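Q: fold the following.
(2 chains)
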Amino acid sequence: MDLIFLKRLSLLLALFGLVLIYFFSPDQQNTATSIKEVRKSCSGPVSLEGTISKIFYSSAGKLVGELKQNTSSITVFLGDSFVEEGSNISVQGKASKFSNQCWIFPERVESR
Amino acid sequence: MIDLAFCLMGVGLGLLLGLVPSMHINNFLPFFVLLSFTNNQLFFFVIAASMAYVFSSFFPAILLGVPNEDTALNVLPGHRLVLEGNAYSAILISLIGGLLVVLFSMPFLLFFLSVLPILYPTIQKIVPYILTIVLIFMFLSDKKQSIVILVLSSILGFLTFDFNLLLPLLSGFFGLSTILISFLNRGSISPQIMRFNSRLSLSNLSVISFISCFLSSIFGFIPAISSSIVGAIGSYIRKFDSEEFLVLLSGTNVIYMVYSFFALFLINKTRSGSAVFLSQIFEKESIFFILGIILLSSALAFLICLFLSKPLVKLYKRLDYHKLSLLSIVFIITINFALAGLFGLLVLLASTSIGLLSNSLGVKRINCMAALIVPTIVVLI
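A: Next comes the predicted model:
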């Protein structure tokens, strides 16, 4: 049995593993900066700027807002963020599908 | 990239845990929550520790609990090789089998990606019937006396089903009973050949590892079917000698851990303690990111175990075997008491008795798995 071959094989596997980790690491995901971009996959990190056109309560009783960018809009969980209808905000967070709809789960909301 | 350090730490911890008999990675998972790691770091740490654990657990599984050949009716394949003086080869072929299944898991993942999410809802509906067929197969492929073990294990399984007492159940069936037999019969590690002495070629090992991957891809996503049952099914399909069967079992153990991570990402099902842990922090990580961690940690664990295999076999051999067995017995009882309490000890006593009975009846200990299979069938029907 050629143990040298197996050692080389394991080193190759480790190297391939490193390549996969590098390219598919969650840190390497592109941050979406427009609503159109977010809607394409509805996943991963987002950094959006826009106007809150509407604020309302979801069926689960959570405070949500509609973020508008030109003609497109997307729903954002506002949590305890202090925003008013018509205010310009920037949102950093993650996009995810929930109840067949694309939502933004913000980590930081700032008024501009 | 600094997160890679957590992969190394995980490999280190997993290797240490695997070397201690009856110490399971699952017992340590609750403590991982206390670590202030980020999600990414936890993914590296837990997956690496789990993979390294499976690789290093081959050492105590093969080198401890070796029975006296005259008195034990049922010698496990690894123990048979130790009795023949081939402990070092047994360790090596197990490690190689483990590495090869990790390699083969890649094409299988591509297959699962396209098929599993579509097929799984149908598979789920027929799980109770598959389990019933497996149970019938277990009975038919063994002596008639195996019915005693099947019935007793099922009763114990029902009694403990609601209490999550897998540790005392499995420690008794497979761990404590084996070590007790070895202890009472004054089993010992005979002089060992410290060079690679297997007749298996790399192509033989590859074929068996592929069979292990293939069978696990059929049964690995079904609840209550353990890796040892897959091994038994494999040996029914094709006649394996001790070395081949050991590779099949080792490969199945490793691939079961790999598939448990795949199952979490593809069908959102947890098939191992580590997968349950990761399911709580899982967000949108890519399956290829997970595959990368699996490949890296398995390769590292393989290389370290390969490097340590000779010194460890010598160390286990140099130790007073009788005292080591006694120490293992005390350790298993203590860890069961610490993690499962007095009721856990009672379950350990019952499962050990069933394990000992299966040995004295000369039937396969795999029949004890009825403790998981029968209650699962009843719950699912």
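
Q: where does pLDDT dip in chain A?
A: Applying pLDDT under 70 to chain A flags residues A:1, A:27-30.

Q: which stretches of it form helices?
A: With DSSP state H as the criterion, chain A has helices at A:3-24, A:35-41.

Q: which residues sit against the last one?
A: In this structure, residues lying in contact with helix A:35-41 by C-beta atoms under 8 Å, 6 or more residues apart in numbering or on different chains are A:32, A:46, A:48, A:50, A:67, A:69, A:72-74, A:95, A:102, A:104. For glycine as for every other residue, the C-beta is placed from the backbone atoms N, C-alpha and C.

Q: among these, the buried ones, what's the ChimeraX command?
A: To isolate the buried ones among these in ChimeraX, judged by 16 or more other C-beta atoms under 10 Å in any protein chain shown, type:
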select /A:32,46,48,50,67,69,73,74,95,102,104
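
Q: how about residue A:54, nearest residue that isn't a chain neighbour?
A: Excluding the flanking residues, the one nearest residue A:54 by C-beta to C-beta, 6 or more residues apart in numbering or on different chains is residue A:66, at 4.3 Å.

Q: and the longest helix along chain B, does that touch chain A?
A: Ranked by residue count under DSSP H, the longest helix found in chain B is helix B:87-140. Yes - using C-beta under 8 Å from any C-beta of the partner chain, helix B:87-140 reaches chain A at B:92, B:96, B:99, B:102-103.

Q: so which of those comes closest to residue B:267?
A: Nearest to residue B:267, judged by C-beta to C-beta, of the residues of helix B:87-140 next to chain A is residue B:102 at 20.6 Å.

Q: and the pLDDT for the closest residue to that closest one other than its chain neighbours?
A: Nearest residue to residue B:102, sequence neighbours excluded (C-beta to C-beta, 6+ apart): residue B:298, at 4.4 Å. pLDDT, residue B:298: 97.

Q: residue B:4: neighbouring residues, count only.
A: Residue B:4 has 16 neighbours, counted by other C-beta atoms under 10 Å in any protein chain shown.

Q: for the closest residue to it other than its chain neighbours, list the residues it contacts.
A: Nearest residue to residue B:4 in three dimensions, chain neighbours excluded: residue B:44, at 7.1 Å (C-beta to C-beta, 6+ apart). Applying C-beta under 8 Å, 6+ apart, one finds that residue B:44 lies in contact with B:3-4, B:6-7, B:10, B:293.

Q: contact partners for residue B:199?
A: Residue B:199 makes contact with residue B:243, according to C-beta under 8 Å, 6+ apart.

Q: same deal with residue A:106?
A: By C-beta under 8 Å, 6+ apart, residue A:106 lies in contact with A:76-79, A:81, A:91-93.

Q: residue B:364 too?
A: Residue B:364 makes contacts with B:74, B:138, B:142, B:146, B:232, B:358, as judged by C-beta under 8 Å, 6+ apart.

Q: how about a cut-off of 6 Å?
A: The contact partners of residue B:364, taken as C-beta atoms under 6 Å, 6 or more residues apart in numbering or on different chains, are residue B:142.

Q: with residue A:85 instead?
A: Residues in contact with residue A:85, defined by C-beta under 6 Å, 6+ apart, are A:52, A:55.

Q: any idea of the mean pLDDT for stretch B:169-177?
A: Stretch B:169-177 shows a mean pLDDT of 87.

Q: need the residues of helix B:87-140 next to chain A in TSV (columns: pLDDT and neighbour count).
A: Formatted as TSV, the residues of helix B:87-140 next to chain A follow (pLDDT from 0 to 100; neighbours: other C-beta atoms under 10 Å in any protein chain shown):
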residue	pLDDT	neighbour count
B:92	95	25
B:96	96	27
B:99	96	26
B:102	96	30
B:103	96	20
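
Q: what would the residues you listed look like in a markdown table with distance to residue B:337?
A: Below are the residues of helix B:87-140 next to chain A laid out as a markdown table (distance: C-beta to C-beta, whole Å):
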| residue | distance to residue B:337 |
| --- | --- |
| B:92 | 36 |
| B:96 | 37 |
| B:99 | 36 |
| B:102 | 35 |
| B:103 | 40 |
